[in-house]
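Peer 1: need the 3D shape of this:
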Amino acid sequence: MSAGPTDPVTQAFRVALGGGEGVRPLDLAETTLLMSALDRRGVDLSPYRAHLASLASAAQKYQDVEEAAVRGQVIADVMTHDFGYEGDEEHFDNPDNANLLSVIDRRAGVPVLLGILYIHAARAAGWRAMGVAFPGQFLVRIEGADGITLVDPFDEGREMHQADLYSLLHRVMGRMARLDDRHLEPVPDEDVLLRVLNNLKGAALRKRNGPRALELLDRMLVIAPREAAIFYEQAQLLNREGQPTAAKGKFETVIALDPQSPFAERSLEELAGLKRQLN
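Peer 2: Predicted structure coming up:
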């Protein structure tokens with residue numbers, strides 16, 4: 001069931017997201033905690049916040065390190081050796097792997113959730129760290145005085161050299177794919193949160209759980225309230241779930257957001273069919 005507008009956890013999530021709009025930097029780990037708490041109502045967040053503080057404290061001991069590669073190794077050591085985090089390859093599609101509270105409980109998860117913790121620790125040390133949506137894998141980019149390093153949070157924070165990146169790229173996109181700068185560009189924190197929700201949505205759709213998928217799309221719209229693609233997917237799903245009137249309103253929203261977009265064109269086609277269905 002979707003949280004109501006006065007739900008305190010939802011409100012805290014909205015307030016945390018508001019920090020990314022120029023008021024203050026988005027606290028990625030805290031916001032993800034609140035987002036994950038939407039699925040574990042009544043949970044006491046204080047132990048999880050204490051754990052995040054422990055991660056931060058461990059990383060802060062190395063704040064004077066300047067080289068990017070050494071910074072990456074430091075965070076990998078903190079995460080894997082000090083706190084025991086690892087990628088859960090055996091149960092990759094387990095929804096617990098995409099909930100930060102469960103990831104902290106189990107010390108295991110999928111790349112993006114582990115990456116959020118790596119980013120949290122690196123930023124606590126005063127370093128610039130961002131997510132990278134590399135084809136086939138979420139990586140963490142850490143900057144240093146001498147450049148950048150990319151680490152794989154799913155593989156114990158292993159530094160990704162050019163040969164590793166090419167291997168991953170070719171596995172996903174074929175042998176003719178070429179590595180370029182756009183593959184290494186950092187993504188906004190909001191996109192990282194959307195990736196977490198998209199993983200959960202995908203799991204819900206595979207289980208044919210339409211109401212759960214719609215709930216997750218609602219959360220995605222809290223993060224990206226003007227994203228036509230999300231409204232369009234929501235409209236399609238509402239129609240499949242037997243809610244044509246609600247679907248009609250979402251298709252109309254897509255058109256109003258950007259009448260020239262491909263999603264608007266598709267929405268006009270869908271609306272024509274819906275009008276025949278509703279009349």
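
Peer 1: thought Leu221 was touching Glu227, still the case?
Peer 2: Yes: in this structure, Glu227 is within contact of Leu221 by Cβ atoms under 8 Å, at 7.1 Å. For glycine as for every other residue, the C-beta is placed from the backbone atoms N, C-alpha and C.

Peer 1: show me how far the helix or strand of the chain with the lowest mean pLDDT is from its chain's centre.
Peer 2: Least confident element among the helices and strands of the chain, by mean pLDDT, DSSP states H and E: helix 8-18 (a mean of 74). How far helix 8-18 lies from its chain's middle: 16 Å, per Cα atoms, centre = their mean, to the nearest Å.

Peer 1: which element follows it toward the C-terminus?
Peer 2: Counting by DSSP states H and E, the next helix or strand C-terminal to helix 8-18 is helix 28-37.

Peer 1: quick one: average pLDDT of the helix or strand that that following helix is followed by?
Peer 2: Downstream of helix 28-37, the next assigned helix or strand under DSSP H and E is helix 46-60. Helix 46-60 carries an average pLDDT of 98.

Peer 1: give me the contacts around helix 46-60.
Peer 2: When contacts are defined by Cβ atoms under 8 Å, 6 or more residues apart in numbering, helix 46-60 is touched by residues 29-30, 33, 74-75, 78-79, 82-83, 100-101, 104, 117, 120-122, 124-126.

Peer 1: swap in 10 Å and give it another go.
Peer 2: Helix 46-60 is contacted from outside by 27, 29-30, 32-33, 36-37, 45, 65, 71, 74-75, 77-79, 82-83, 85, 100-101, 103-105, 117-118, 120-127, using Cβ atoms under 10 Å, 6 or more residues apart in numbering.

Peer 1: which among these count as buried?
Peer 2: Among the contacts of helix 46-60, those scoring as buried are 27, 29-30, 32-33, 36-37, 45, 65, 71, 74-75, 77-79, 83, 85, 100-101, 103-104, 117-118, 120-125, 127 (criterion: 16 or more other Cβ atoms under 10 Å).

Peer 1: list the ones among those that fall in helices.
Peer 2: Here DSSP state H is the test, and the buried ones among the contacts of helix 46-60 give 29-30, 32-33, 36-37, 71, 74-75, 100-101, 103-104, 117-118, 120-124 as lying in helices.

Peer 1: any regions of the stretch 151-279 of the chain where pLDDT drops low?
Peer 2: Applying pLDDT under 70 to the stretch 151-279 of the chain picks out residues 279.

Peer 1: helices of that one, start to end?
Peer 2: Remark: helices assigned in the stretch 151-279 of the chain by DSSP state H, counting those that start in this stretch are 162-173, 189-206, 210-223, 228-240, 244-257, 262-278.

Peer 1: nearest to Ala133, of the ones you listed?
Peer 2: Closest approach to Ala133 among these (Cβ to Cβ): helix 189-206, 7.0 Å.
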